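**Student:** I would like to see how this sequence folds:
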Amino acid sequence: MRGRRRIRTAVAALLCAGALAGCTAGEPAERAPGTAATPKRTPKPAPSPSSLWDVSPASVAAVGDSVTRAFDACAILADCPESSWATGTDTAVNSLALRLLGPEKAATRSWNLARSGARMAELPEQMAAAAAERPELVTVMMGANDACRATPRLMTPVADFRTQFETALARLRKDAPKAQVYVASVPSLMHLWSTGRVLPMGLEVWKLGVCGAMLADAADLGASAERRRAEVQDRVVAYNRVLSEVCAKDERCRYDGGAVFGFRFDSAQLSPWDFFHPSREGQARLAELAYRRITAE
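**Tutor:** Model prediction:
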């Protein structure tokens, strides 16, 4: 038996000759008395890539529509950029720029390039203007006007909305490749309707044509009106899905996770003139939501 064992060991040794290190002949070699076993090496985990997101950007450019221009926040039928959630100087609002930069720097290192009435098709042009300022952060709040048309039939198709947003980000990256982008979700138009419809003055003002697709015949609770409102709300949900998906492909872009869409504006946070746009208090809540998301580690 011992002779056969020596033969098997010799054959195995010949087969292993020149093979990869670690091949052993026959049975494991015995350790010399008192010799410790060689410990197995635990592979070191690969270092995770450092985040490209800076929680304290030194300049802010804001693009978007009437919400970013603070339309109807401090005067009837007028922009109030000083009350803007993004770049305003009103201390009662405490805008994102004031929170990030302080009053002195906010005055010279923030730019409000939004336009009341703008739709997503205009965003590439606004992004080009933002890139020219070389900001460290660009805030985007756009899409409500794409849904707020006279009728649902006129709403921007989702595919077009996606193409326009992709084009806008690409336009920014052309001249400002390292700019961070904060993307706010489109507000819930259904919630704005449900809040304002119980206000008699709101119902009267909405008859003038404010966001007709959602707010026309605001007191009508019939099946046809409910289907129309649901169609508009579904389109807003689809727009927000686009914003999330496109932003996720850009390593320097943060979507708000639906924070603005999910925020439940109450009557005090709506404009006392149109009962639709955010009031100064509403603007302050938008600033708070943005600051929280942008500064999250």
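**Student:** Does Val210 belong to a helix, a strand or coil?
**Tutor:** coil (DSSP: H, G, I helix; E, B strand; the rest coil).
**Student:** so what's it closest to, chain neighbours aside?
**Tutor:** Phe276 (5.3 Å; CB to CB, 6 or more residues apart in numbering). For the C-beta atoms, the positions are set from N, CA and C on the backbone; glycine is no exception.
**Student:** Which strand or helix spans the one you found?
**Tutor:** Under DSSP states H and E, no helix or strand contains Phe276.
**Student:** So it versus Leu203, what's the distance?
**Tutor:** 12 Å (CB to CB, to the nearest Å).
**Student:** hey, what's the residue nearest to the spatial centre of the chain bridged with?
**Tutor:** In the chain, the centroid-proximal residue (CA atoms, centre = their mean) is Tyr255; its distance is 1.2 Å. For Tyr255, the beta-bridge partners are Val183 (DSSP bridges).
**Student:** Now do the same contact list for Glu288.
**Tutor:** By CB atoms under 8 Å, 6 or more residues apart in numbering, the residues touching Glu288 are Asn94.
**Student:** How about Ala259?
**Tutor:** Counting by CB under 8 Å, 6+ apart, Ala259 has contacts 184-185, 289, 292-293.
**Student:** Switch those residues over to TSV; also include pLDDT.
**Tutor:** What follows is the contacts of Ala259, written out as TSV (pLDDT from 0 to 100):
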residue	pLDDT
Ala184	98
Ser185	98
Leu289	98
Arg292	98
Arg293	98
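**Student:** Greatest separation within these: which pair is it?
**Tutor:** Ser185 and Arg292 (13.8 Å; CB to CB).
**Student:** First-to-last residue distance for stretch 75-84?
**Tutor:** Using CA to CA, to the nearest Å, the end-to-end distance of stretch 75-84 comes to 13 Å.
**Student:** That stretch - what's its average pLDDT?
**Tutor:** What stretch 75-84 shows for mean pLDDT is 97.
**Student:** quick one: it to chain centroid distance?
**Tutor:** Distance, stretch centre to chain centre, for stretch 75-84: 24 Å (CA atoms, centre = their mean, to the nearest Å).
**Student:** Can you name the next helix or strand after the helix or strand of the chain with the lowest mean pLDDT?
**Tutor:** Least confident helix or strand, the chain: helix 2-16 with a mean of 39, by mean pLDDT, DSSP states H and E. Next helix or strand after helix 2-16 toward the C-terminus (DSSP H and E): strand 60-64.
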